[in-house]
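S.K.: Just to be clear, the model below is a prediction. Sequence and coordinates:
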Amino acid sequence: MIVLRDILYKVTLEKVVGNTAVAIRDLHFDSRQVGLDDVFIAIAGTQSDGHSYIKKAVDQGAIAVICEQMPEQLVNGVTYVQVNNSKQAMAVMAANFYGNPSEKLKLIGITGTNGKTTISTLLFNLFTAAGYACGLLSTVKILVGTTEYKATHTTPDSITINKYLAEMVSAGIAFCFMEVSSHGIHQKRTEGLLFAGGIFTNLSHDHLDYHKDFKEYRDVKKSFFDQLPKNAFALINADDKNGSVMLQNTSAKKYTYALKSYADYKAQILENQFSGLLLKINNNELWVRLIGNFNAYNLLAIYATAELLGLEQLETLQLLSTLESVDGRFQFKISEKEKITAIVDYAHTPDALKNVLETINTIRTGNETLITVVGCGGDRDVAKRPKMAKIAAQLSTKVVFTSDNPRSEDPVSIIEQMEGGVPPEHFKKTLSITDRKQAIKTACQMAEANDIILIAGKGHETYQEINGERTDFDDFKIVNQLLTALNK
Ligand SMILES: CC(=O)N[C@H]1[C@@H](OP(=O)(O)OP(=O)(O)OC[C@H]2O[C@@H](n3ccc(=O)[nH]c3=O)[C@H](O)[C@@H]2O)O[C@H](CO)[C@@H](O)[C@@H]1O[C@H](C)C(=O)N[C@@H](C)C(=O)N[C@H](CCC(=O)O)C(=O)O
Ligand SMILES: Nc1ncnc2c1ncn2[C@@H]1O[C@H](COP(=O)(O)OP(=O)(O)OP(=O)(O)O)[C@@H](O)[C@H]1O
Ligand SMILES: N[C@H](CCC[C@H](N)C(=O)O)C(=O)O
Ligand SMILES: [Mg+2]
């Protein structure tokens, strides 16, 4: 039996009306989920305010309400707890409710604009291969050892996080690797968790629709490092100009990795090909199957983390060389007949798109046509639209602008905003086709022998979201089907 008073441990209480010695069944922040004897936590959100659903939650059987403002009418027999910040209170209560699972395994958080999924997934794969039972909380999926669950967010809400961590503890998981998004930190989804380590990848333009400006976005990421305990490690990319900012106020042990700057962990790229990278990491040479400069950073962060978590160096190097790319991250296939290379990549930020295109341009011989198919998500940062279009136009031979989850927005208008970023001298090489399948088909038709098609933005996603409705859509499957159907 779990008692309300016990899960309020470490929550700063402003006012309590009613009995806190009551038994509770479950925690919910959505009134629609509340049942008999549950606790309802009222949260002020971006679309609506949970405080307006308190009455509904109580009508549905809530035994306690956590809120920032007391409702005007209090119902007898229901306990009302006023707190200063209900998102924070929820995170602490969720950790208490599930028995503080983050303290019973080693939890590593990965944050930064790009590379979180890649690093967390590959750390999961590497530590699993080294014989440890591992957990993963990522954009693509949630894994408790070999049991897979669907992911809805990059960093889920605090109740969901603790629920999965508790399941990991029951399953004997030793290490959990989790992505920590800026929304997650800002909405205090990761508060109350004990991290054994934090990794910073890089910081570039994204989510400036949500965060006030770049500084706020950076400081939100920094606050994750500020909260790390002193026996944790904070590992940052020293080549990123914001890397050192992350370490300014952390009490964790500080470590750096870099390709260019002075750092604790250093790597050099000796060769960069479609078959992989030849790296020199701390004086050891190794071939890896991942492609592109940015993956040298990801692999170096993984190497450093493995060492910081006590894995043996030679074993780590050997396992690094066996890692395969993550679904939808530079996933590529060469067509049967005309040897057209189709690459699917989740690049959905200007920086990621630039990296991927630069990587392709570094590796290719230069005689091939590089056709990029790209769109920008609806209900997301509008400022990245012209920037991504400009990068695509500058770094490709031909570009097809198309839709990428328009959500509630008009796809044609998103594409027009992208077109606005194309420098006039590049306009002739671009065209716009709203239907993503048609756009990919056109790219396949345009491609000749040995050409390269990059389909950016959706990576592993298996849906297209239009007007709030998701229909099946898989870039990798579609491009391969089309190339085969066109007999290419
Ligand atoms: C903008 C944003 O981040 N929204 C997240 C936020 O919702 P919100 O607080 O704005 O919710 P709201 O709809 O205004 O509702 C306020 C409150 O009223 C409650 N409510 C609402 C209706 C009702 O009938 N009853 C009721 O109780 C809601 O449950 C909520 O508690 O908190 C919810 C619970 O944690 C999230 O599901 C939701 O994610 C939405 C779906 C989302 O799209 N989030 C994206 C932007 C996101 O978080 N992305 C990052 C990764 C981004 C990246 O790095 O690329 C991620 O970590 O996934
Ligand atoms: N270290 C890196 N630096 C820059 N770009 C990267 C890096 N790693 C991956 N990328 C690019 O960014 C894209 C997204 O990578 P990944 O999914 O690992 O990032 P993420 O941080 O998890 O993104 P999200 O915010 O959507 O969760 C990749 O498809 C690749 O194009
Ligand atoms: N985690 C990111 C993913 C963006 C992927 C892109 N395909 C889109 O839908 O905008 C977000 O929710 O902003
Ligand atoms: Mg991710």
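M.R.: Perfect, thanks for sending it. Numbering: from 1, shown residues only. Ligands and ions are numbered 1, 2, ... in the order given.
S.K.: State the helix or strand in which the one residue in the stretch 301-450 of the chain that gets nearest to ligand 3 lies.
M.R.: As assessed by CB to the nearest ligand atom, ligand 3 sits closest to Gly377 within the stretch 301-450 of the chain, at 2.0 Å. For every residue, glycine as well, the C-beta is placed using N, CA and C. Under DSSP states H and E, no helix or strand contains Gly377.
S.K.: Now do the contacts for it.
M.R.: 348, 404-407, 457 (CB atoms under 8 Å, 6 or more residues apart in numbering).
S.K.: do the same with Val344
M.R.: With CB under 8 Å, 6+ apart, Val344 has these contacts: 328, 331-332, 455, 458-459, 475-476, 479.
S.K.: rerun that using 10 Å as the cut-off
M.R.: The neighbourhood of Val344, defined by CB atoms under 10 Å, 6 or more residues apart in numbering, consists of 327-333, 373, 440, 453-461, 474-480.
S.K.: Closest to the centroid, which residue in the protein?
M.R.: Nearest to the mean C-alpha position of the chain, by CA atoms, centre = their mean, lies Thr154 at 4.3 Å.
S.K.: Which of the contacts of Gly377 lies at the shortest distance from Val22?
M.R.: Checking the contacts of Gly377 against Val22 by CB to CB gives Arg407 as the nearest, at 41.0 Å.
S.K.: isn't the closest one right up against Arg380?
M.R.: Yes - the pair Arg407 / Arg380 is scored as a contact, 7.8 Å apart, by CB atoms under 10 Å.
S.K.: Which of these two has more residues huddled nearby?
M.R.: Higher neighbour count among Arg407 and Arg380: Arg380, with 19 against 16, using other CB atoms under 10 Å.
S.K.: The more buried one sits in which helix or strand?
M.R.: Secondary structure from DSSP H and E places Arg380 outside every helix and strand.
S.K.: cool, and the one 10 residues further on?
M.R.: Lys390 is part of helix 384-395, with elements assigned from DSSP H and E.
S.K.: follow-up on the earlier one: name only those of the contacts of Val344 that count as buried.
M.R.: 327-332, 373, 440, 453-461, 474-476, 478-480 (16 or more other CB atoms under 10 Å).
S.K.: quick check, Ile159 in a helix?
M.R.: Yes - under DSSP: H, G, I helix; E, B strand; the rest coil, Ile159 sits within a helix.
S.K.: ok, it touching Met93?
M.R.: Yes - counting by CB under 10 Å, Met93 is a contact partner of Ile159 at 8.6 Å.
S.K.: The residue in the stretch 151-300 of the chain positioned nearest to ligand 3: what's it in contact with?
M.R.: The stretch 151-300 of the chain approaches ligand 3 most closely through Thr154 (5.4 Å), counting by CB to the nearest ligand atom. Taking CB under 10 Å, 6+ apart as the criterion, Thr154 is in contact with 116-117, 120, 137-140, 178-184, 189.
S.K.: Could you list which of those residues also contact ligand 2?
M.R.: When contact is defined as CB under 6 Å from any ligand atom, those meet ligand 2 at 116-117, 139, 179, 181.
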